[in-house]
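> Dropping the sequence and predicted coords here.
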Amino acid sequence: MSDSGERGAAGRARRGEGAGAVPWWLVALLLLGLWALAAFLASPGYRVILRAVASGLGVTLRVSLVAYAASLALGLGLGLLRSSRLRACREAATFYIELVRGLPMLVILYYIAFVGAPALAAALNALLKPLIASGAIGAVEARSFDFATRAVLALTLGYAAFIAEIFRAGIESVDRGQIEAARALGLSEGQLMRRVVLPQALRNVLPALANEFVAIVKDSSLVSALGVQDITQLGKVYSASTFRFFETYNVVAFFYLCLTVSLSLLVRALERRLKRGLAR
């Protein structure tokens with residue numbers, strides 16, 4: 001082993017980062033989680049709160065998964081436009097990304113829910129005016145879009161801007177020599193992107209994309225501001241009716257920690273696997 005390798009290994013050993021090092025932060029979290037779960041199950045009051053709040057778990061997961069999948073698709077498209085050789089595409093994508101990233105997610109949520117949905121209904125009515133006039137279909141109303149749908153749309157539009165920058169960084173991380181070699185072999189721009197650039201870019205940004213999923217699960221709690229019956233909203237309603245704020249928000253925090261810590265561990269495992277793959 002070289003001197004630099006030995007120094008790096010010694011430094012990791014001193015910091016407790018070796019392969020066999022005990023992750024004490026994880027041990028502490030597991031102990032805290034087990035203690036909380038035991039306390040919840042031992043208390044009749046906590047068991048009632050668990051049942052009341054747990055019914056919103058499905059809504060939280062559904063909103064998070066759908067918004068994440070949609071933001072990945074939109075973010076990839078924006079990332080490709082941001083990396084395009086056409087200036088008009090780059091400028092349009094940059095305008096959207098900088099605009100959305102400069103707004104708080106809660107503002108985007110309110111804007112889509114109370115401005116975007118009525119505007120979309122009006123646009124659809126204008127587009128379908130002949131069919132509406134003939135009586136073939138009824139007019140589209142803003143209330144046709146429930147608040148869960150509006151929340152998913154807001155999270156999608158907000159997170160797509162951040163994910164687009166992740167994809168752009170991944171695309172730009174691909175070695176330029178490989179791109180020039182592919183062009184020299186006669187690959188079209190579409191083939192170059194599909195066969196050379198995107199596979200390597202996705203591998204490079206996969207941990208960052210997984211971290212965005214953790215973030216979107218946490219930000220899904222914002223949908224409670226629209227009355228969507230997720231974990232946070234059910235906790236808010238229950239605590240307001242019983243005045244048991246301490247116990248209720250302990251349970252809400254417990255659910256979110258279980259989700260985010262589990263996802264964080266999956267992200268770390270994914271990063272280690274990718275590093276081993278690159279080292280071979």
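Yes, it's here.
> Tell me which stretches of the stretch 151-280 of the chain form helices.
Secondary structure of the stretch 151-280 of the chain, counting by DSSP state H, counting those that start in this stretch: helices at 176-184, 189-192, 198-219, 231-242, 245-279.
> quick one: which of these is nearest residue 76?
For residue 76, the closest of the helices of the stretch 151-280 of the chain is helix 198-219, at 8.5 Å, according to Cβ to Cβ. Where C-beta positions appear, they are placed from N, C-alpha and C, glycine not excepted.
> which residues sit against the closest one?
60, 64, 67-68, 71-72, 105, 155, 159, 162-163, 166-167, 169-171, 173-174, 178, 256, 259-260, 263-264, 266-267, 270-271, 274 (Cβ atoms under 8 Å, 6 or more residues apart in numbering).
> Just the buried subset of these, please.
60, 64, 67-68, 71-72, 105, 155, 159, 162-163, 166-167, 169-171, 174, 256, 259, 263, 267 (16 or more other Cβ atoms under 10 Å).
> Could you list which of those belong to strands?
In strands, judged by DSSP state E, none of these are found.
> separation between residue 79 and residue 116?
For residue 79, the distance to residue 116 equals 23 Å [Cβ to Cβ, to the nearest Å].
> Settle it for me: which of the two has more neighbours?
Taking neighbours as other Cβ atoms under 10 Å, residue 79 and residue 116 compare with residue 79 leading, 26 against 18.
> Residue 161 is in contact with the more buried one, correct?
No. The pair residue 79 and residue 161 does not pass the contact test of Cβ atoms under 8 Å, sitting 10.2 Å apart.
> list the contacts for residue 255?
With Cβ under 8 Å, 6+ apart, residue 255 has these contacts: 53, 54, 57, 60, 231.
> okay, now the residue nearest to residue 154 when sequence neighbours are not counted: neighbour count?
Distance criterion Cβ to Cβ, 6 or more residues apart in numbering; nearest residue to residue 154, sequence neighbours excluded, is residue 112 at 4.0 Å. Other residues near residue 112 come to 24 when the count uses other Cβ under 10 Å.
> State the distance from residue 112 to residue 180.
42 Å.
> For the protein, which residues score under the pLDDT cut-off?
Where the chain drops to pLDDT under 70, the residues are 1-20, 277-280.
> who's sitting farthest from the centroid in it?
residue 134 (42.8 Å; Cα atoms, centre = their mean).
> before we move on, the earlier item: the residue nearest to residue 154 contacts residue 153, doesn't it?
Yes. Counting by Cβ under 8 Å, residue 153 is a contact partner of residue 112 at 5.5 Å.
> what's around residue 273, how many residues?
Around residue 273 there are 12 other residues, counting by other Cβ under 10 Å.
> Equivalent analysis for residue 218, please.
Neighbours around residue 218, by other Cβ under 10 Å: 13.
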